[in-house]
Structures are given as structure tokens and as C-alpha cells.
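> got a sequence here, can you model it:
(one chain, ligands or ions: 1)
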Amino acid sequence: MIGILCAMREELEPILEEVEVKEVVEYGKNKFYLAKFDNKDLVLAYSKIGKVNSATTATIMIEKFKAKKILFSGVAGAIDEDLKIGDLIIATKTCQHDIDLTVFGYPYGYIPESEVYFECDKSLNSIAKSVAKKLNLKLKEGIIASGDQFIHSKEKKEWIKKTFNASAIEMEGGAVGCVCFTLNIPFFMLRAISDSAEEGAGIDFDEFLEESSKVSAKFLIEMLKEI
Ligand SMILES: Nc1ncnc2c(CN3C[C@H](CSc4cnccn4)[C@@H](O)C3)c[nH]c12
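Model prediction:
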């Protein structure tokens, strides 16, 4: 079973359109779509926005639906200057920029007995890179930082870049990375850029959410053929 996770309805819908939904299971105030694609069993859901919701849905996919890998598809704000709206990025690892226990001498993003960074699955990332090469698509890879905030300020964006060496910003990957690390499940995260995470990002986000969601969804479907 492969878990396909998104945060927002708009991110999931273009994927659902390409798979054969067999059953919809209502659980934990959410809907889980059991589907087939290319003779593979999938469980798909959007978690709702944020770290707690995405961690909850990832855990349910793994524990209740027996997902053996989690693939995230969605949009992100750009931190690296060379990332433009519509560009694709995969996470090498994820982190949580809104964790601050520095008063106790810990680094930003660190919870005692846990990790700052959660590694993404290298074999899934190499499949993504070979798919991008085959389709002649630009695909960046880098650290993606999460926090329960929509980032729309250059100052905050630059702080996250300096503190975590992040290339993109969103609100779920760091939490899902933590769940997959905890349960020893391979994690892959693909994002298409929807905004600059600077002043005015909210306007861009509204304008490009649907289009960038489709870019990520289309690539994910191509990936599923190779897994
Ligand atoms: N600049 C940014 N900062 C933080 N995260 C992001 C993202 C990625 N997603 C989109 C969405 C924004 S919040 C939302 C969206 N619509 C309505 C309500 N909340 C949330 O799931 C995180 C894209 N750009 C980002």
C-alpha cells in the first residue's frame, strides 16, 4: 500500500482524477480514498493544513491503512532565488522552523530526544530524478522547512534560509518526516512553487495554488509508474 498525502483539497483533486477510486473510508474526521493505479494499491487523503493535521493523517495511513511508504504532493513557497512559480522541488530532508527551545541551549528546530532534520527516502528521490530526466523537466532538490505559519515576509524567509539552509517553505513536511522517522516508513515529498514567501505571497498563492498543485500532481503520477 502506498500513501499519497496532500494538505489541501486543491492539491489532492488532480491526483484523484487520475486514479481508480475503489472505496472511500471515513475515519478521524477525514476521508481516505482507497484506489488503484498501474496495478498498485493506494490510500489517498488531504490532511487539512498544518503540522498536527498532516502528522495525524500520515499516522492513520501507516497504522490503519498499512501504508508502507508515504509520498507527499503539494505546493510550497520559494526560498532559493532560482525557484520560480511552477518549479518542482523534492525534499532531501525536512525540519520544523517554528520549534524554539534555544533558552535551554538547544538549536532552533530541535526537540530533546528527537532530530532537527528528518531524511527523505533516497531511492524514491533517485526515481524522481530519473523521471525528471526522462521527461526533460527541471527538478531541484533541497531542504524544505515547515512551520504552522504562512510565510509572507522577506525577513522571516531569510531567517529560515540562514537558520536551516532551507530551499523552500511549507507547513506539513517536517511533521510528516517526523512521523515516518518514528515509524520507520520511507518518506518522499514533492512540491511545486506557488509563491515567493515574501510580501504579497498570499496573493500569488491564491492565484497559483490550483496550477502549481496540478504540476506537482502530474509529476507524482509519472513517479507512481516507476515505483
Ligand atoms: N509562503 C508559504 N508559507 C507556508 N506554506 C506555504 C505553502 C504550502 N502549503 C499551502 C498552505 C498555505 S496556508 C493556507 C492556504 N490557503 C488558505 C488558508 N491557509 C499550507 O497547507 C502550506 C505554499 N506557500 C507557503
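> is the longest helix along the chain anywhere near the ligand?
Longest helix of the chain, by residue count under DSSP state H: helix 201-226. Yes - applying Cβ under 6 Å from any ligand atom, one finds helix 201-226 touching the ligand at 201, 205. (C-beta placed from N, C-alpha, C; glycine too.)
> please apply the same query to stretch 50-64.
No - Stretch 50-64 stays clear of the ligand (Cβ under 6 Å from any ligand atom), getting no nearer than 6.9 Å.
> quick one, what contacts A35?
Residues counted as contacts of A35 (Cβ atoms under 8 Å, 6 or more residues apart in numbering) are 16, 19-22, 41-44.
> which strand or helix spans whichever residue of the chain sits closest to the ligand?
Residue nearest to the ligand within the chain: G77 (2.8 Å; Cβ to the nearest ligand atom). If you go by DSSP states H and E, G77 is part of strand 69-78.
> now swap in P107 and tell me
P107 belongs to no helix or strand, assigned by DSSP H and E.
> shouldn't it be in contact with E115?
No - taking contacts as Cβ atoms under 8 Å, P107 lies outside contact range of E115: 10.8 Å.
> quick one, strands of the chain?
2-6, 20-27, 30-37, 40-46, 69-78, 88-96, 118-119, 139-146, 166-170, 187-195 (DSSP state E).
> just to revisit the earlier point, for the residue of the chain closest to the ligand, give the beta-bridge partners.
Listed beta-bridge partners, G77: I169, D195 (assigned using DSSP bridges).
> over to E20?
Here E20, judged by DSSP bridges, has bridge partners K36.
> list the contacts for it?
35-37.
> show the pLDDT at N53.
As predicted, N53 sits at a pLDDT of 98.
> residues near it, how many?
By other Cβ atoms under 10 Å, 19 other residues sit near N53.
> how about F32, what does it touch?
24-26, 43-45, 60-61, 65.
> who does it form a beta bridge with?
Counting by DSSP bridges, the residues bridging with F32 are V25.
> start at 694, not 1
Yes, from this point I'll number from 694; that puts the last item at F725.
> about what we covered before: would you turn the contacts of E713 into CSV with pLDDT and distance to the ligand?
Shown next, in CSV, are the contacts of E713 (pLDDT from 0 to 100; distance: Cβ to the nearest ligand atom, whole Å):
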residue, pLDDT, distance to the ligand
A728, 98, 22
K729, 98, 27
F730, 98, 24
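> touching, F857 and T787? I think so.
No - assessed by Cβ under 8 Å, F857 is found out of contact with T787, at 9.7 Å.
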